[in-house]
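Colleague: Attaching a predicted model along with its sequence, questions to come.
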Amino acid sequence: MTQQILYAKLKENFGFEKFRPNQEEIINCVLSGQDTLAIMPTGGGKSICFQLPALLFPGITIVISPLIALMKDQVDGLKANGIEACFINSSQTEDERQFYIESLKSNAIKLVYIAPESLSFLDNIFNSLTISLIAIDEAHCISSWGHDFRPAYTNLGYLKNRFPSTPILALTATADKATRKDISEQLNLKNPKLFVASFDRKNLSLEVRPALDRVKQIIDFIQEKPNESGIVYCLSRKTTEELAEKLQKIGISAKAYHAGLDNKIRSKTQDEFINDDCKVVCATIAFGMGIDKSNVRWVIHYNLPKNIEGYYQEIGRAGRDGLPSETVLFESYGDVIQLQKFASQGLNAEVQLAKLERMKQYADALSCRRKILLSYFGELVTENCGNCDICKNPPLFFDGTIIAQKALSAIIRLQETEPLPVIIDFLRGSKNAYIYEKEYQNLKTYGVGVDLSWFDWNQYLIQLINLGYCEIAFHKQNKIRLTSLAKKVLFEGEKVQLTTVQKINIEKQETKET
Ligand code: ADP
Ligand code: ZN
């Protein structure tokens, strides 16, 4: 496909002059018939990656999406751009569905959005359709490693068997490596080409605050910028309602939003928010998936999120227009305990607990928060961002190169097979049974860190993880591995700045409202 045709279509049907990062590459890959896995942050522009190819392919593009509530809007948007599209899901009557099925058979439709549980409606007409592309939106829903597992997605693997020569484009904003691998395995993708757009959103400021009297903090925050729109994410439905009420009482146009509310109320709140009639939505994570509002100026997390993927996706709803936007996360010890309880009772408890721990470490971090987020998504950056609370108000640093060298060497000696506590025991020359059983006491580096306490080593190792020198392999018993940055410290004389450990006592700052 020549570049001119792509740009002409982009302008004609979507009104855009330029592609965003990776869009053009993904589109070319899809058009060449190749299975593709596209990872882009929320607001990155995933839809065009299948909508534009759909216009150029001879047959139909099927779009699998979990977001039934948004299908109508998406289809209306496409039609407004002159693109023949429809959706099929359980919200329709039998007659409506039949009508669209006939339109599909007569090849009058380019794109059909369908919920995974409704695919069976198409199954017996598949043979009479030409299907050129299958796009799977929110593809992380297929993986229980991800943060939004949907059982209906697990059957989608059959699509590749059913249409072996039709390219599949899987799209998601959730990117950790294990989830990626799981997605392509479960969808039976054939040598998929992987695209990972940068997750850096420089216009979002990052801040973490102790949850001391957070309602007052939130009120002060909002009252400083009364005309701006924002979202407060809360863990429980009850909190969304209580908080919205408190805000309303002092004249802030706030609404609650959660999955327990009536559909009508929910879509009304959503419309009011999009049209700026309601400025603040106090919501559970049910709010936001697919909401396309470009001028959300701030996102507050009233509670600690369950994991970094979810957190990043939620703060990503701010500032899609690229203008400066603020994000604030309230950290409370009570939340950590409650989330630990949830995680340990759910699917994949071990992985989810480890992810929660990583979330907590982010909140406790003493190094540039953006570095931590980006390294979590596999982007290694060396510059501090200048737009997070730590960069703006840095703690005192000292030359921690020797500490880093000791820690990273210990990880190598243990062949990257041990979790954090064993590394610390090893560094401190502990004589416990596990060390002796593995005969670690005979290895070099054993005991080189006896001068520091267990607590200090724990903090320094977390700092090294946050700085991107090593990482936790969540799906491999939380073993600590080195990243490619580590060799700079071990062999190329790179200096490491660490900060003195202070015990942040968030328990003390708790208030009754948690
Ligand atoms: P995602 O699904 O990745 O969250 P969308 O596909 O909904 O993102 O796109 C987010 C916003 O960016 C939409 O308003 C869309 O119209 C806009 N957009 C997408 N591609 C471009 C582009 N090439 N130029 C300008 N705006 C774009
Ligand atoms: Zn920073």
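Modeller: Okay, I see it. Ligands and ions are numbered 1, 2, ... in the order given.
Colleague: Pull the distance from the longest helix along the chain to the chain's centre.
Modeller: Counting by DSSP state H, the longest helix found in the chain is helix 349-364. Centroid separation for helix 349-364 versus its chain: 14 Å, with Cα atoms, centre = their mean, to the nearest Å.
Colleague: what do you get for stretch 77-88?
Modeller: 28 Å.
Colleague: contacts for that stretch?
Modeller: 13-15, 51, 54-55, 71-72, 74-75, 97, 100-101, 103-104, 108-115, 118, 121-122 (Cβ atoms under 8 Å, 6 or more residues apart in numbering). For glycine as for every other residue, the C-beta is placed from the backbone atoms N, C-alpha and C.
Colleague: Helix or strand with the lowest mean pLDDT in this protein?
Modeller: Between all helices and strands in the chain, the lowest mean by mean pLDDT, DSSP states H and E belongs to helix 120-123, at a mean of 83.
Colleague: which residues are in contact with that one?
Modeller: So helix 120-123 is contacted by 62, 88, 97, 101, 104, 112, 114, 129 (Cβ under 8 Å, 6+ apart).
Colleague: still on that earlier bit, of the contacts of stretch 77-88, which belong to helices?
Modeller: Per DSSP H, these map to helices at 51, 54-55, 71-72, 74-75, 97, 100-101, 103-104, 121-122.
Colleague: Tabulate the residues you listed (CSV), appending distance to ligand 1.
Modeller: CSV is the format used below for those (distance: Cβ to the nearest ligand atom, whole Å):
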residue, distance to ligand 1
51, 8
54, 13
55, 14
71, 13
72, 15
74, 9
75, 14
97, 26
100, 23
101, 27
103, 24
104, 23
121, 25
122, 23
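Colleague: Next, the buried residues of stretch 77-88.
Modeller: Within stretch 77-88, the residues scored as buried using 16 or more other Cβ atoms under 10 Å are 77, 78, 83, 84, 85, 86, 87, 88.
Colleague: and if you look at stretch 187-198?
Modeller: 187, 188, 189, 192, 195, 196, 197.
Colleague: I'd like the buried residues of stretch 77-88 written out as JSON lines, with pLDDT and distance to residue 247 added.
Modeller: Listed next are those as JSON lines, based on pLDDT from 0 to 100; distance: Cβ to Cβ, whole Å:
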{"residue": "77", "pLDDT": "90", "distance to residue 247": "31"}
{"residue": "78", "pLDDT": "94", "distance to residue 247": "36"}
{"residue": "83", "pLDDT": "94", "distance to residue 247": "40"}
{"residue": "84", "pLDDT": "95", "distance to residue 247": "44"}
{"residue": "85", "pLDDT": "96", "distance to residue 247": "38"}
{"residue": "86", "pLDDT": "96", "distance to residue 247": "40"}
{"residue": "87", "pLDDT": "94", "distance to residue 247": "35"}
{"residue": "88", "pLDDT": "92", "distance to residue 247": "39"}
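Colleague: Is residue 330 in a helix, a strand, or coil?
Modeller: strand (DSSP: H, G, I helix; E, B strand; the rest coil).
Colleague: how close does it sit to residue 213?
Modeller: Distance from residue 330 to residue 213, counting by Cβ to Cβ, to the nearest Å: 10 Å.
Colleague: And the average pLDDT for the following helix or strand past the longest helix of the chain is what?
Modeller: Downstream of helix 349-364, the first helix or strand assigned by DSSP states H and E is helix 369-376. Averaging pLDDT along helix 369-376 yields 92.
Colleague: and what of stretch 410-422?
Modeller: 95.
Colleague: Next, the residue of the stretch 101-250 of the chain found nearest ligand 1: phi, psi?
Modeller: Nearest residue of the stretch 101-250 of the chain to ligand 1: residue 173, at 6.5 Å (Cβ to the nearest ligand atom). For residue 173, the backbone dihedrals (degrees, to the nearest 10) come out as phi -100, psi 0.
Colleague: got it, and residue 297?
Modeller: Dihedral angles (degrees, to the nearest 10) for residue 297: phi -90, psi -20.
Colleague: and it, how many neighbours?
Modeller: Each residue near residue 297 was counted by other Cβ atoms under 10 Å, and the total is 18.
Colleague: thinking it is in contact with residue 321, fair?
Modeller: No. Residue 297 is beyond contact range of residue 321, at 9.5 Å (criterion: Cβ atoms under 8 Å).
Colleague: and the residue of the stretch 101-250 of the chain found nearest ligand 2, what does it touch?
Modeller: Residue of the stretch 101-250 of the chain nearest ligand 2, by Cβ to the ion: residue 206 (6.9 Å). Neighbour list for residue 206: 315, 327, 329, 369, 370, 373, 385, 387, 388, 389 [criterion: Cβ under 8 Å, 6+ apart].
Colleague: what's the first-to-last distance across stretch 279-299?
Modeller: 12 Å (Cα to Cα, to the nearest Å).
Colleague: no wait, stretch 15-22
Modeller: OK, stretch 15-22 end separation, Cα to Cα: 18 Å.
Colleague: Report the buried residues of that stretch.
Modeller: In stretch 15-22, counting by 16+ other Cβ under 10 Å, buried: 19, 22.
Colleague: which bits of the protein sit near ligand 2?
Modeller: 368, 370, 384, 385, 388, 391 (Cβ under 5 Å from the ion).
Colleague: how about a cut-off of 8 Å?
Modeller: Residues of the chain lying near ligand 2 by Cβ under 8 Å from the ion: 206, 368-371, 384-388, 390-392.
Colleague: export those to JSON lines and tack on distance to residue 249?
Modeller: Shown next, in JSON lines, are those (distance: Cβ to Cβ, whole Å):
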{"residue": "206", "distance to residue 249": "30"}
{"residue": "368", "distance to residue 249": "38"}
{"residue": "369", "distance to residue 249": "33"}
{"residue": "370", "distance to residue 249": "36"}
{"residue": "371", "distance to residue 249": "40"}
{"residue": "384", "distance to residue 249": "41"}
{"residue": "385", "distance to residue 249": "37"}
{"residue": "386", "distance to residue 249": "38"}
{"residue": "387", "distance to residue 249": "33"}
{"residue": "388", "distance to residue 249": "33"}
{"residue": "390", "distance to residue 249": "35"}
{"residue": "391", "distance to residue 249": "36"}
{"residue": "392", "distance to residue 249": "33"}
